[in-house]
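[1] coords please:
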Amino acid sequence: MGFTYQQQGKPSPARDVSSCTSAKPDLIQNVHYFDICRDKSAPVVKLKPSLLEKNREKRQEVERRKGSSHRFLQTGMVLLENHIIRSDQIKIVKKCRELGIGLGGFYIPGYDSGSKLQLRMMCLGKNWEPQSKEYVDVRSVDGAKAPIIPEEFKKLAEEAIQYSHELLIKEKYKIENVKEILPLMHPDICIVNFYTQSGKLGLHQDRDESPESLHKRLPVVSFSIGDDAEFLYGDDRDVDKAKKVTLKSGDVLIFGGESRHIFHGVSSIIPNSAPKYLSDDANLRPGRINLTFRQY
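    The predicted structure follows:
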């Protein structure tokens, strides 16, 4: 793509890139991999929580214990609310942080024109190039290979689809029909985006996977961790016509089948809306992590 970048955040520890034939040491030396977690050595002032905050946290914990709920937004599009439990959210943050500060970690994607996306991105399995809109083995910005997808991430994504099938069957669909409405998918690629509280992403379609995957309308499985996001979706690239839903930490959004090629994007991040345990137990910075799983 021909662009370079500089980012805020702690540089990653020194790494031996001599064994990675695709890596470009001259570029890597200038890369500061973004850390989605706060520096634990930095002083943090914590105010004593008010009684109102304590009561609100207790109510939220009670709601979490009731289990997740679900919404069928349209054919082939399911929102599993509060689906990812607290402990798994913390594990996801820590694993994304570990991968994100290493070779192939978070960077700001851009184009030859000089414009950049308003987020940080890390690809797992294969690298997605914004300029060419292709999946490649190594990314052009620094020649880094994409880290592999953790098996526990794959398992969570596949279980979410299976759970959606159970919900569809309860809605009186036949077993043989649910896989047509929402096909099975075994993820081998994942795009991890980190949005700061000013981050956003314009309406777009996910159409860069293999022709076979697109023909089968295999779903995209999206995890939300951290601050709430205003998510837009619709049949056209028209913000005024788009529907809106708020995605909260722990939510899983799945769109496949007839909804596989919807236009979708993030219009805004709602500041300071993340569960407190993500900053306390995982040290997550203010913002939102979004993992989107696909089968190439």
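[2] rest of the way, CA atoms for contacts and neighbours
    OK.
[3] residues touching the closest residue to I108 other than its chain neighbours, list them.
    Excluding its sequence neighbours, the residue lying closest to I108 (Cα to Cα, 6 or more residues apart in numbering) is R120, at 4.7 Å. Shown in contact with R120 (Cα atoms under 8 Å, 6 or more residues apart in numbering): 34, 106-109, 193-195.
[4] please redo it, this time with the cut-off set to 10 Å
    7, 33-34, 36, 100, 105-109, 192-196, 199, 289 (Cα atoms under 10 Å, 6 or more residues apart in numbering).
[5] I figured F194 hits N290, correct?
    Yes: proximity of F194 to N290 meets the contact threshold set by Cα atoms under 10 Å, at 6.4 Å.
[6] what do the two both touch?
    In contact with both F194 and N290: 121, 225-226, using Cα under 10 Å, 6+ apart.
[7] Strands of this structure, start to end?
    Using DSSP state E, the strands assigned to the chain run over residues 69-74, 77-81, 120-124, 127-129, 134-136, 189-195, 201-204, 220-226, 228-234, 243-247, 252-255, 263-270, 288-294.
[8] now these in JSON lines, with distance to L156 and mean pLDDT?
    Listed next are those as JSON lines, based on distance: least, Cα to Cα, whole Å; pLDDT from 0 to 100:
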{"stretch": "strand 69-74", "distance to L156": "16", "mean pLDDT": "96"}
{"stretch": "strand 77-81", "distance to L156": "12", "mean pLDDT": "98"}
{"stretch": "strand 120-124", "distance to L156": "15", "mean pLDDT": "98"}
{"stretch": "strand 127-129", "distance to L156": "21", "mean pLDDT": "96"}
{"stretch": "strand 134-136", "distance to L156": "23", "mean pLDDT": "97"}
{"stretch": "strand 189-195", "distance to L156": "13", "mean pLDDT": "98"}
{"stretch": "strand 201-204", "distance to L156": "25", "mean pLDDT": "96"}
{"stretch": "strand 220-226", "distance to L156": "10", "mean pLDDT": "98"}
{"stretch": "strand 228-234", "distance to L156": "20", "mean pLDDT": "98"}
{"stretch": "strand 243-247", "distance to L156": "18", "mean pLDDT": "98"}
{"stretch": "strand 252-255", "distance to L156": "10", "mean pLDDT": "98"}
{"stretch": "strand 263-270", "distance to L156": "22", "mean pLDDT": "98"}
{"stretch": "strand 288-294", "distance to L156": "10", "mean pLDDT": "98"}
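[9] quick one: which of the ones you listed is nearest L278?
    Among these, strand 220-226 comes nearest to L278, with 7.0 Å by Cα to Cα.
[10] angle of that closest one against strand 243-247?
    Per axes from the mean of the first three to the mean of the last three Cα atoms, to 10 degrees, the angle that strand 220-226 makes with strand 243-247 is 50 degrees.
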